[in-house]
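Visitor: what follows is a predicted protein model with its sequence.
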Amino acid sequence: MTGLRAPEATDLLTLHRLSVRFRLPRGVLVRAVSDAVLRLRPGRVLALVGESGCGKSVLASALLGLLPGNAETRGEALLDDGTDLLSAPEPVLAGRIRGRRIGLVPQSASTHLTPVRTARSQLAETAQALRGPRDADELARHVGLDPADLDRYPHELSGGMAQRVALALALAGDPRIVLADEPTTGLDRPLVHRTVDLLAEAANDGRAVLLITHDLAAARRVATDVAVMYASRIVEAGPAEEVLGEPWHPYTAGLLAALPEGGFEPIPGHPPSLTELDRLEGEWGCVYCQRCPDQPGFAPCTGDPELLNRGERWIAAHAPC
Ligand SMILES: Nc1ncnc2c1ncn2[C@@H]1O[C@H](COP(=O)(O)OP(=O)(O)OP(=O)(O)O)[C@@H](O)[C@H]1O
Ligand code: NI
């Protein structure tokens with residue numbers, strides 16, 4: 001990697017064309033993340049949305065240095081101090097980054113906790129190991145949990161309590177950045193709301209939150225910004241209200257149409273295999289082309305360069321279908 005570029009003053013994390021691919025036997029390559037550009041900023045919740053298998057979790061793993069050995073990365077993921085998460089050595093990631101600069105809220109709070117120990121002992125141990133500024137009781141109060149509930153074992157916690165403990169664990173090292181990868185999977189609607197509201201509160205405290213989800217309703221509730229991912233690419237990004245209110249990309253429009261209020265109209269077809277993307281982009285110019293409805297009003301189909309980048313909003317460049 002060449003010299004570090006100075007990130008913008010307000011960005012806590014800046015992705016410059018982050019790409020991840022996996023090398024499989026017999027020369028097969030899986031393109032899981034292609035040229036991702038994102039900025040995480042204090043006080044903001046960025047929702048990364050897209051169908052299963054499009055590369056969201058791989059992107060998060062790359063930021064935490066948790067990719068498997070067959071992964072190859074390109075691009076940069078720069079913290080505000082110039083550290084590139086893609087090239088930082090493991091001792092730096094383990095000692096300074098994970099938990100301390102970047103906290104992770106796991107997918108399933110209850111299975112993340114050790115069943116044979118109380119929430120208090122796990123939280124206290126983590127807070128101590130990370131040398132965070134708050135003790136277990138303070139962390140509990142910080143996430144709206146009665147400290148007395150910390151004396152429960154994981155199976156004695158309600159779903160809502162377990163989520164709060166998981167967030168308290170993620171915040172134990174006082175990270176400025178919080179990554180939450182599908183933190184609401186399998187939860188009922190009220191608990192989904194409570195969980196994402198906690199993430200919004202973490203952002204209100206000045207943290208930057210990346211919320212990975214396929215739940216567009218949850219994203220709409222708390223996200224200040226949205227990035228839409230399809231077949232390894234971020235196809236559209238910008239302020240949540242604008243992207244979800246008036247999508248530019250037909251894929252975003254398709255996702256919204258699949259919501260109950262959009263009429264439950266699923267997008268026909270399936271995303272392409274991630275081993276086929278080079279060929280498809282070569283042939284079609286755009287990996288969404290095969291599923292794209294014939295709607296010439298959409299920006300990517302007209303190839304209108306005016307729409308490619310306007311203020312905070314942008315859409316991936318496409319060849320006209
Ligand atoms: N070690 C690996 N080797 C090869 N391919 C992998 C590896 N890890 C992940 N992949 C592939 O990368 C792609 C992206 O996976 P990822 O888990 O990021 O999807 P996702 O968007 O998080 O989906 P979901 O919403 O289901 O969690 C998938 O096709 C997956 O099979
Ligand atoms: Ni995932």
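Guide: Right, received. Where do you want to start? Ligands and ions are numbered 1, 2, ... in the order given.
Visitor: the stretch 101-250 of the chain: helices as residue ranges?
Guide: 109-112, 119-129, 136-142, 159-171, 189-204, 216-222, 240-245, 250-257 (DSSP state H, counting those that start in this stretch).
Visitor: average model confidence for the longest one?
Guide: For helix 189-204, the per-residue pLDDT values average out at 94.
Visitor: weakest of the helices of the stretch 101-250 of the chain in terms of mean pLDDT?
Guide: For the helices of the stretch 101-250 of the chain, where the average pLDDT is lowest is helix 109-112, sitting at a mean of 78.
Visitor: any chance you could list what contacts it?
Guide: If you take C-beta atoms under 8 Å, 6 or more residues apart in numbering as the criterion, helix 109-112 is touched by P106, P154, H155, L157, G159, A162, Q163, V165, A166, L169, P183. The C-beta positions use only the backbone N, C-alpha and C, and glycine is treated the same way.
Visitor: which pLDDT value goes with the second one?
Guide: Put plainly, it is P154. Here, the pLDDT recorded for P154 equals 94.
Visitor: also the fourth one?
Guide: Confidence per residue is given as pLDDT, and for L157 that number is 93.
Visitor: burial measure for it, as a count.
Guide: Residues lying near L157 (other C-beta atoms under 10 Å) number 22.
Visitor: isn't it up against R120?
Guide: No - applying C-beta atoms under 8 Å as the test, L157 and R120 come out as separate, 11.5 Å apart.
Visitor: check whether stretch 61-80 comes near ligand 1.
Guide: Yes - residues of stretch 61-80 contacting ligand 1 under C-beta under 6 Å from any ligand atom: P68, N70.
Visitor: that stretch: which residues count as buried?
Guide: 61-65, 67, 71, 73, 75-80 (16 or more other C-beta atoms under 10 Å).
Visitor: give me the mean pLDDT for that stretch.
Guide: 97.
Visitor: dump the residue contacts of whatever residue of the stretch 101-250 of the chain ends up closest to ligand 1.
Guide: Closest to ligand 1 within the stretch 101-250 of the chain is H214: 5.4 Å, counting by C-beta to the nearest ligand atom. Residues in contact with H214 (C-beta under 8 Å, 6+ apart) are V49, G50, E51, S52, E182.
Visitor: ok, 10 Å please
Guide: Applying C-beta atoms under 10 Å, 6 or more residues apart in numbering to H214 gives the contacts L48, V49, G50, E51, S52, C54, K56, E182, T184, T185, L255.
Visitor: E201 too?
Guide: E201 is in contact with H142, V143, G144, L167, R207, V209, V222, counting by C-beta under 10 Å, 6+ apart.
Visitor: which of those has the largest number of neighbours?
Guide: Those, ranked by neighbours (other C-beta under 10 Å): first place V209, 29 neighbours.
Visitor: what's the pLDDT at that one?
Guide: Value for V209, per-residue pLDDT: 98.
Visitor: need the residues of the stretch 51-200 of the chain near ligand 2, please.
Guide: By the rule C-beta under 5 Å from the ion, the part of the stretch 51-200 of the chain lying against ligand 2 is K56, S57.
Visitor: got the contacts of E201 as TSV, with distance to ligand 1 columns?
Guide: Output for the contacts of E201, formatted as TSV (distance: C-beta to the nearest ligand atom, whole Å):
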residue	distance to ligand 1
H142	28
V143	24
G144	27
L167	20
R207	22
V209	17
V222	18
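Visitor: now these in CSV, with distance to L86?
Guide: Putting the contacts of E201 into CSV (distance: C-beta to C-beta, whole Å) gives the following:
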residue, distance to L86
H142, 31
V143, 31
G144, 35
L167, 27
R207, 22
V209, 21
V222, 28
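Visitor: about what we covered before: which one, of the helices of the stretch 101-250 of the chain, ends up nearest to C286?
Guide: Of all those, it is helix 250-257 that lies closest to C286, at 10.0 Å by C-beta to C-beta.
Visitor: close enough to count as contact, R194 and G160?
Guide: Yes - between R194 and G160 there is a contact under C-beta atoms under 10 Å: 5.6 Å.
Visitor: that concludes my questions; thank you for your assistance.
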